[in-house]
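In: how would this look folded up:
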Amino acid sequence: MSEEHGVMSEEHGVMSEEHGIDRRGFLQCMAWTGTGLLWSVAGGVLSSRTLEAKAAEAQAPSSRFDFVQISDTHIGFKGEANRDAMGTFEAALARIKALDPKPAFVIHTGDISHAQKAGAFDTVSEALKGVGAERTFYVPGENDVFADGGTEYLNRFAPGGPGRGWQSFDYRGVHFVGLVNVLHYKAGGLGSLGHEQLEWLERDVAGLSSSTPVVVFAHVPLWAVYPQWGWVTDDASQALGYLRRFGSVTVLNGHIHQIMQKVEGHITFHTARSTAFPQPAPGAAAHPGPLKVPVEDLRGMLGVREVRYVAGQDPLAVVDASLAGSAG
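Out: Prediction:
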C-alpha cells in the first residue's frame, strides 16, 4: 500500500501511519460500529474521539462544530437479524442526545425505512428532531424509493429542491454535498448518479476555492467496495474528478452496514454501519443481506462514531463506541 492510498475495514484493517492509524491501532478499535457518526470540524480538518471520552480540547467554539451521521435505520425491519430494530435505533438516538456539545445537524445517509414501510419516514424524522440538533439532512437509500420511484421520499424530504433530491449547503466554511445514487440502479444493483446530477455537481463546486473543505454524503459507496454485490457507484469516478482539486474531501456513505475506510490522495471515504442489522463482510457470504449474529453480540456491532476536523493535523483519526451495554 502506498502512502497515499489505504483501505481499512473491520476485518482487515491497514492504514498508513501518515494518516494516523496503523494495523496495531486498527486492532485496538475492533469495537467499531458506526450506526451514528458524530463529525466535528475545526479549521477544516476532520478528527474523532469516542463518545465515552470526555475530551477537553481547547477549541474555540467558533472554530469547530460537530455533526452526526446516522444510516440505514431500516424502520419496519422485523427479520431474524434484529427483532427490535426500533429499539436499537432508539439506543443510537440516546447516544446522540448525550453528546456535549450538541451536534449542529444530523445527516441521514439513507434506508430510512425498510421496504418503504408506511409511517417510517415520519417516525425517523420526528425522532431526530429530539436529539438537540438544528436540523437533519437526508439522502435516500434504495429501500426509500424502490416502491414508487422516489415520489413519497421526494415529497417528504426534498420538495422544491434541485433535481431529484441532491443538495448542497455551506456551514462555517465547509461545503456539504448530498448526492442521490439509488434512483437509477444499474444491472447488479450498482448505484448510479446520472448525467443530470453530475452536471449539477460540476456547476456546484466550480466556484469554490480549492482550499474549501468538502464533505460529500450519499447512500451507496462512491468507491468500489465490492462490485460483485453492487457495492459501488458506476459513475462515481466522474463525480470524484470534480473533487480532486480540493485539499480536503470526506465522503460519507451507508448501504453496506459496516465500517470501511479508503484514502485516495486528499479524498477519504467512510462507510457506516446500520442501526438495524449488520451485513456480511465483502465476499464472506453467497450474497449480501441481514446477518444474524448471537443476540448478545448484536449491539456490539451497532454504535456511534465521533470524528473531529482539526486544522493542521492529519485528516482522519477514527474511533467508534458501540451500543453494547446500552439500555433497551
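
In: Pass me the low-pLDDT residue ranges in the chain, would you?
Out: Where the chain drops to pLDDT under 70, the residues are 1-40, 42-63, 304-321, 325, 327-328.

In: just so I have it, where are all the strands in it?
Out: With strands called from DSSP state E, the chain shows them at 5-9, 36-42, 45-49, 64-70, 105-108, 135-138, 167-171, 174-178, 214-217, 249-253, 260-264, 267-271, 303-310, 319-322.

In: what separates the fifth one from the chain centre, distance-wise?
Out: What that stands for is strand 105-108. Computed by Cα atoms, centre = their mean, to the nearest Å, the chain-centroid distance of strand 105-108 equals 9 Å.

In: Strand partners (parallel or antiparallel) of it?
Out: strand 64-70 (parallel), strand 135-138 (parallel) (DSSP bridges).

In: can you list those in a markdown table and add mean neighbour count?
Out: Bear in mind the C-beta positions are built from the backbone N, C-alpha and C, glycine included. Converted to a markdown table, those look like this (neighbours: other Cβ atoms under 10 Å):
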| stretch | mean neighbour count |
| --- | --- |
| strand 64-70 | 24 |
| strand 135-138 | 18 |
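
In: So for F176, which of those sits nearest?
Out: Proximity to F176 (Cβ to Cβ) singles out strand 135-138 among these, at 7.4 Å.

In: got the CA coordinates for the closest one in CSV?
Out: This file holds the C-alpha atoms of strand 135-138, laid out as CSV (Å, rounded to 0.1, in the frame of the first residue of the first chain):
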residue,chain,number,x,y,z
ARG,A,135,-31.9,20.2,11.6
THR,A,136,-31.5,16.9,9.7
PHE,A,137,-30.4,16.5,6.1
TYR,A,138,-31.4,13.3,4.2
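
In: Give me the residues contacting that strand.
Out: For strand 135-138, the external contacting residues (Cβ atoms under 8 Å, 6 or more residues apart in numbering) are 105-108, 110, 112, 125, 128-129, 157-158, 167, 169, 176, 178, 217.

In: Filter the residues you listed down to the buried ones.
Out: 105-108, 110, 112, 128, 157-158, 167, 176, 178, 217 (16 or more other Cβ atoms under 10 Å).
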